[in-house]
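Participant: Take a look and give me a structure for this.
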Amino acid sequence: MSKTILSLEQLSKSYQMGEDEQTVLKSINLEIKKGEFLSVLGPSGSGKSTLMNIIGMLDEPTSGRYFLSGSLVDHLGEKELAAIRNKEIGFIFQQFQLLQKWTALQNTELPLIYSGLPAKERRSRAEAMLSRVGLGEKMHNRPNQLSGGQQQRVAIARALVTQPSILLADEPTGALDQKTGQQIMKLFRELHEEGKTIVMITHDLDVAKNGSRIIRILDGELGEVNHLDS
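Facilitator: Residues are numbered from 1 along each chain as shown. Below is the predicted model:
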């Protein structure tokens with residue numbers, strides 16, 4: 001049986017809006033197994049981005065508990081959270097978030113700089129990861145010399161290069177055309193087959209169906225979705 005890698009227990013998130021309090025996540029309970037490809041499906045305003053930010057330790061819950069690899073992480077200090085983020089979570093964003101003046105290789109190396117790895121090892125690992133995502137011949141190109149799909153592949157290589165426990169993807173095909181999006185999803189499925197744990201946030205059911213499990217989020221509450229739902 002697969003080991004639970006991430007667990008949320010009765011997790012809620014509220015924001016103060018003037019005199020009113022807005023609850024964005026309501027008593028979320030969620031377990032994610034090692035090697036799972038989980039799609040979190042929901043429309044704009046459903047709470048899915050807030051959920052992703054909490055899983056990615058970019059935001060903290062108002063109440064409830066968050067366990068990562070069996071350790072309670074929701075009350076750690078910022079320095080400890082930053083170290084865990086860098087080591088355990090690989091982020092993939094809709095808008096790629098690449099440094100425009102840096103090459104694909106330099107962008108991919110970036111998380112390893114924060115890890116304190118020697119330059120030679122950083123370069124070797126970044127080159128290997130760019131080759132893995134099909135960009136071995138483009139590693140010295142800057143983002144403006146790459147297509148949208150190629151830029152997203154750089155972002156995926158950057159997310160993978162620290163060998164994180166979880167890949168966290170926020171609308172990874174949202175800025176791509178349909179054909180390019182399908183190619184990126186093919187890469188995600190390959191990574192899943194290699195044993196990577198992936199949590200993907202999306203509003204698109206067709207994209208969500210690439211996952212091994214789909215959970216729907218609506219008005220801050222979770223519900224299971226049959227894989228064949230239309």
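Participant: Can you tell me the element the residue positioned nearest the centre of the chain falls in?
Facilitator: By CA atoms, centre = their mean, the chain has its centre lying nearest to Leu168, at 1.2 Å. In the assignment (DSSP states H and E), Leu168 maps to strand 166-170.
Participant: residues in contact with the residue nearest to the centre of the chain?
Facilitator: 52, 55-56, 89-92, 159, 199 (CB atoms under 8 Å, 6 or more residues apart in numbering). Quick note: C-beta positions are derived from backbone N, CA and C, even for glycine.
Participant: Next step: these restricted to strands.
Facilitator: 89-92, 199 (DSSP state E).
Participant: out of those, who has the most neighbours?
Facilitator: Gly90 (27 neighbours; other CB atoms under 10 Å).
Participant: hey, what's it bridged with?
Facilitator: Leu167 (DSSP bridges).
Participant: Looks like it contacts Pro172 (just checking).
Facilitator: No - the pair Gly90 / Pro172 is not scored as a contact, 11.7 Å apart, by CB atoms under 8 Å.
Participant: Give the buried residues for stretch 175-195.
Facilitator: Residues of stretch 175-195 classed as buried: 175-176, 180-181, 183-185, 187-188, 191-192 (neighbour count, 16 or more other CB atoms under 10 Å).
Participant: Without its sequence neighbours, what residue ends up closest to Gly35?
Facilitator: The shortest distance from Gly35 to any non-neighbouring residue, by CB to CB, 6 or more residues apart in numbering, is to Gly195 (5.1 Å).
Participant: And that neighbour, how close does it get to Thr23?
Facilitator: Gly195 sits at a distance of 36 Å from Thr23 (criterion: CB to CB, to the nearest Å).
Participant: what does Lys87 give?
Facilitator: 31 Å.
Participant: so what does the lengthiest helix in the chain touch, helix or strand wise?
Facilitator: Ranked by residue count and defined by DSSP state H, the top helix of the chain is helix 178-193. Packing partners of helix 178-193 (3 or more CB pairs under 8 Å, 6 or more residues apart in numbering; DSSP states H and E): strand 37-41, helix 148-160, strand 197-202.
Participant: Confidence-wise, which of the ones you listed is weakest overall?
Facilitator: Of all those, helix 148-160 carries the lowest average pLDDT, namely a mean of 91.
Participant: Point out where this structure drops to low pLDDT.
Facilitator: Residues of the chain that meet the criterion pLDDT under 70 lie in 1, 225-230.
Participant: Now with 50, please.
Facilitator: Where the chain drops to pLDDT under 50, the residues are 227-230.
Participant: What ranges does it have for its strands?
Facilitator: Going by DSSP E, the chain shows strands at 4-17, 20-33, 37-41, 63-68, 71-72, 89-92, 166-170, 197-202, 213-218, 221-225.
Participant: got these as TSV, with distance to Lys120 columns?
Facilitator: Below are those laid out as TSV (distance: least, CB to CB, whole Å):
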stretch	distance to Lys120
strand 4-17	31
strand 20-33	35
strand 37-41	33
strand 63-68	31
strand 71-72	32
strand 89-92	22
strand 166-170	26
strand 197-202	29
strand 213-218	40
strand 221-225	45
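Participant: In the sheet, which residues pair with the closest residue to Asp170 other than its chain neighbours? Tell me.
Facilitator: Among residues not flanking Asp170 along the chain, Ile201 sits closest, at 4.9 Å (CB to CB, 6+ apart). Note on Ile201: beta-bridge partners by DSSP bridges are Val40, Asp170.
Participant: which ones are touching Ile201?
Facilitator: 40, 42, 48-49, 51-52, 169-171.
Participant: Tell me how far it lies from Pro172.
Facilitator: 9 Å.
Participant: And for Arg132?
Facilitator: In terms of CB to CB, Arg132 sits 16 Å off from Pro172.
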